[in-house]
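Q: next comes the sequence, and after it the predicted model I'd like to discuss.
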Amino acid sequence: MALDIKICGLKTDAAMAAALAGGASHVGFIFFAKSPRYVEPAEAGRLRQAARGEAMAVAVTVDAGDAFLDEIVAKMQPDMLQLHGAETPERVAEVKTRYGLPVVKALPLSEAADLERIKPFIGISDRFLFDAKPPKGSELPGGNGVAFDWRILVGLDGGVDYMLSGGLNAANIGDALRLANPPGIDISSGVESAPGVKDPALIEQFFRAVRAARNTRAA
Ligand SMILES: O=C(O)c1ccccc1N[C@@H]1O[C@H](COP(=O)(O)O)[C@@H](O)[C@H]1O
């Protein structure tokens, strides 16, 4: 089974080059002002050019209004929108219709009961992104480098398309793939040397760890 891999929170040409060299299927840009990964829409539009024809460029927003989404879509020209706030199913549907782009709804999970939160979005969100709940005191809804218990995904309906995220890194990705067998994975702070500072060497190391884990499983 193919595995989608998203490197999120890109801000530099070097990080973009490392993501594409590793074989990223998706590259993400953060449009949340409080994040150390925030990038201006026009700069994301410049950076994403390198990904054209190679990887889907994803705009990550948090409860963004139409005016900001209009600006992002015009200046960055994303292939996909990730809604990482408290957007309702109605808002997700509205955003999909307004821009005609596929939408990924991010949902925070910590226990099996949280999987119920998926249901209202079925048939509306094109894909899901499952992340850990933010730690107390964090101002960020994502990008906290915190993992959840991946075992809760074992019983998930196979028809639910999702990316696993939250606290992934080269050291734990093997376990995550083995336990949850997700269709896609999404990483941000696990390939950084400091908050918001992507390290091309860590990105390369992450792809190596993914390949090693997949080769082990196939053997
Ligand atoms: O990364 C951020 O700063 C961010 C801000 C606001 C919303 C989402 C954000 N990031 C998303 O969270 C996942 C998981 O991050 P991590 O690997 O645990 O650091 C990241 O890939 C983004 O999709």
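A: Looks like it came in fine.

Q: for the closest residue to the ligand within the chain, what are its contacts?
A: Residue nearest to the ligand within the chain: Gly143 (2.1 Å; C-beta to the nearest ligand atom). C-betas here are computed from N, CA, C, even on glycine. Neighbouring residues of Gly143 by C-beta atoms under 8 Å, 6 or more residues apart in numbering: 8-9, 30, 35, 37, 188-189.

Q: least trustworthy helix or strand in this protein by mean pLDDT?
A: Every helix and strand of the chain was ranked by mean pLDDT, DSSP states H and E. The lowest is helix 200-218, at a mean of 92.

Q: so where's the chain shaky on pLDDT?
A: By pLDDT under 70, the weakly predicted segments of the chain are 217-219.

Q: partners of the residue lying closest to Asp79 once chain neighbours are set aside in the sheet?
A: Leaving aside its sequence neighbours, Asp79 sits nearest to Met56 (C-beta to C-beta, 6 or more residues apart in numbering; 4.2 Å). Note on Met56: beta-bridge partners by DSSP bridges are His26.

Q: contact partners for Met56?
A: 25-27, 79-80.

Q: ok, and the most crowded of those?
A: With neighbours taken as other C-beta atoms under 10 Å, the top of the contacts of Met56 is Val27, carrying 26 neighbours.

Q: that one is in contact with Leu10, isn't it?
A: Yes. Contact criterion C-beta atoms under 8 Å: Val27 and Leu10 qualify, at 5.6 Å.

Q: joint contacts of these two?
A: 16, 19.

Q: list the contacts for Pro200?
A: Applying C-beta under 8 Å, 6+ apart, the residues near Pro200 are 14-15, 17-18.

Q: please redo it, this time with the cut-off set to 7 Å
A: For Pro200, the contacting residues are 14-15, 18, by C-beta atoms under 7 Å, 6 or more residues apart in numbering.

Q: for ChimeraX, what selects the buried ones among those residues?
A: Listed next is the ChimeraX selection for buried residues among these, using 16 or more other C-beta atoms under 10 Å:
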select :15,18
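
Q: return the member of the contacts of Pro200 nearest to Ala132.
A: Nearest to Ala132 among these, counting by C-beta to C-beta, is Ala15 at 22.7 Å.

Q: residues in contact with the closest one?
A: Residues in contact with Ala15 (C-beta under 7 Å, 6+ apart) are 198, 200, 203.

Q: where does it sit: helix, strand or coil?
A: Ala15 falls in the helix class when you classify it by DSSP: H, G, I helix; E, B strand; the rest coil.

Q: again with the one 5 residues further on
A: Here Leu20 is helix, with the state taken from three-state DSSP.
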